[in-house]
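J.: Here is a sequence with its predicted model. Questions after.
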Amino acid sequence: MHRFLAITALALAGFTTSTAVADTITVCASGCDFTRINAAINAASDGDVIQLSAQDYSQGNVIDTDGKAITLLGATDKGGNPASILDGAAGSHRVLQCINQEGADTIFENLVIRNGYATSGGGMYIDGSSPTLTNCTFTSNIASDYGGAMYNEDSSPTLTGCTFTYNTAYDEGGGMCNGDDSSPTLTNCTFENNFAGESGGGMYNDGCNPTLTGCTFTYNTAYEDGGGMCNGDDSSPTLTDCTFTSNSAYDGGGMLNDSSSPTLTNCTFTSNSAVNGGGIDNSNSSSPTLTDCTFTGNSADNGGGMYNIDSSSPTLTNCTFTGNSAESSRGGGMYNASSNPTLTDCTFTSNSAVNGGGIDNQVASSPTLTGCTFDGNSASSLGGGMRNYDASNPTLTDCTFDGNLADYYYGGGMYNESSSPTLTNCTFTSNSADRGGGMYNYSSSPTLTDCTFTSNSADYHGGGMRNNTSSSPTLTNCTFTSNSASRDGGGMDNYSSSPTLANCNFCGNTSGTGNRNVDGSIDGSSSGNRLLLNCNTGDVNFDLQIDSGDLGYLLALWGASSVLNADINQDGEVNGADLAYILSYFGGATDATTAP
């Protein structure tokens, strides 16, 4: 050691000091100041650095920093990986602990902590302390209860570039367990191949609020809840730019939230798996907030991407669900039961399930969706894009259902049973099913305003919409064009049902038998509807005259893309070609032949 020499030199030079000069203390097998780390800690003072060599330190007992503001600094290999190994002697004891109010100036850097064993915190136990860890690796540590690699109690350590791999907790938190109001901060940390016998394969939070940025959770497993992460008892972690990949559990393969409300921004969930909630499982009034998050290729029996139950109300903005699956049951992208999530500008693409390929809502779930898109989702039974069941009444505004499929049964775009959703300015295009290509209603009374159904198809009845068994939907200013059914009701088919239609337009729909536009009765109070053979006659506002009203309608939409009526030639833009078409028929009357 060189502290005494340094102080003496300062004194001889005429300087005085009230504090000791920081010292570097070396520890190695031979030729250093000490051979044992605890002996070096005992000799150290605040500010000292204990320098370790690239070797295995099997000390035979726990290393305790004893409340000192010191740095335990390991060596690195040529790749910058930690090369100083602190070993728990084949699981005979915990490796490290900070239990004396250590602060951020107690620093651990470039260390491998391995083979530790304890009731809690096999690798490291932190109580009432907030040390700093940088470039440390925790591997093959075991806890019989909580926190295989690390257990934090009333502590807020800061971890940067740390790795947790192959750690095990028989109860909770295979990689890390946070309890008693702990709020650690983790940046660019990795949790991989950790295991929990109960919950939180990678991390378990119990009433805690950690902050994670750029962290990855991969191949972690929990026997029960939260393969990657489990948040319980009103935990509210904040995650930014984090990834959850190939984690697994019974509930919540990537993450499980139980009475908890984390905030996730720009996070990705990929190829996680569970029985319920392949990507995320939200239960017991959990209300997480997700922005710009992605769910891809996750799988579960229920809720391949996300599973919401027990009055959970997550808020999702600009999130995408792609290629998630619930092949044996419900909700390929999302499953909701007694829950009311809010979704804005979210996209569901190529998700699949038995029921509710994109979203499955049941048990009085009433989510709110604005500006959402359902594209290419499929259900082998009911509701390719969405299924609403058992008094579920979602509210949808400016949503699009395009190219969804109910492979063998009903409701290519949407299936409603004993449910009455409200839809405003929604579009259903190129969806298909056996019955009800665009929408199928069974004992349901949805309300639709300013909605369009175009080019949907049914193998049997109701290309655009099928209403069955006491269904009484109310439609206002809705348009059905170019839908088809092999049997009855290319536009709409009504069986033992009486929908109410006001100012709705049906044109160019086709059917193999029965009426092409509307088959079956409509309610006697219906009025102002147009049922025409052809759509593109120049009468773009459907008043049966080709006049200035049509010119005004078209000019108001000039330059717009793919507007249903005004883009007469369907070239993707309202332009001069459409104007020329109107002018060529100007002053005449459209084909007023009704086609029921």
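T.: Alright, I've got the coordinates. Computed from a predicted structure; not experimentally measured.

J.: In a helix, residue 555, correct?
T.: Yes. Checked against DSSP: H, G, I helix; E, B strand; the rest coil, residue 555 lies within a helix.

J.: Next, the closest residue to it other than its chain neighbours: secondary structure please.
T.: The shortest distance from residue 555 to any non-neighbouring residue, by Cβ to Cβ, 6 or more residues apart in numbering, is to residue 579 (8.0 Å). C-beta here means a position set from N, CA and C on the backbone, and glycine is covered the same way. What three-state DSSP gives for residue 579 is helix.

J.: Please list all residues in contact with residue 579.
T.: Shown in contact with residue 579 (Cβ atoms under 8 Å, 6 or more residues apart in numbering): 551, 554-555.

J.: now those as CSV including neighbour count and distance to residue 497?
T.: Converted to CSV, the contacts of residue 579 look like this (neighbours: other Cβ atoms under 10 Å; distance: Cβ to Cβ, whole Å):
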residue, neighbour count, distance to residue 497
551, 17, 39
554, 24, 36
555, 11, 39
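
J.: Return the member of those nearest to residue 468.
T.: residue 554 (37.9 Å; Cβ to Cβ).

J.: That closest one and residue 578: what is the separation?
T.: Distance, residue 554 to residue 578, using Cβ to Cβ, to the nearest Å: 6 Å.

J.: Repeat that for residue 453.
T.: Residue 453 sits at a distance of 22 Å from residue 578 (criterion: Cβ to Cβ).

J.: same question, residue 87
T.: Residue 87 sits 78 Å away from residue 578, going by Cβ to Cβ.

J.: can you check residue 105 too?
T.: Note on residue 105: its distance to residue 578, by Cβ to Cβ, is 73 Å.

J.: Same drill for those two, tell me which one is more crowded.
T.: When residue 105 and residue 578 are compared on other Cβ atoms under 10 Å, the one with more neighbours turns out to be residue 578, at 24 against 14.

J.: correct me, but that one touches residue 559?
T.: No. Using Cβ atoms under 8 Å, residue 578 is not in contact with residue 559, being 10.9 Å away.

J.: pLDDT below threshold where in this structure?
T.: By pLDDT under 70, the weakly predicted segments of the chain are 1-20, 532-538, 542, 544, 562-565, 567-570, 588-596.

J.: Okay, and the beta partners of residue 476?
T.: Beta bridges link residue 476 to residue 449, residue 502, judged by DSSP bridges.

J.: Next up, the contacts around it.
T.: So residue 476 contacts 448-450, 501-504 (Cβ under 8 Å, 6+ apart).

J.: And residue 221, by the same measure?
T.: So residue 221 contacts 174, 194-196, 201, 227, 247-249 (Cβ under 8 Å, 6+ apart).

J.: what's residue 41 sitting at in phi/psi?
T.: Residue 41 has phi and psi values of phi -60, psi -40 when expressed as degrees, to the nearest 10.

J.: if I pick it, what's in contact with it?
T.: Residues near residue 41 by Cβ under 8 Å, 6+ apart: 50, 63-66, 68, 70.

J.: how about a cut-off of 10 Å?
T.: Listed by Cβ atoms under 10 Å, 6 or more residues apart in numbering, the contact set of residue 41 reads 25, 27, 34, 48, 50, 63-66, 68, 70, 72.

J.: likewise residue 352?
T.: Residues in contact with residue 352 (Cβ under 10 Å, 6+ apart) are 299, 304, 323-327, 332-333, 358, 376-380, 384, 405, 407.

J.: Alright, I will stop here.
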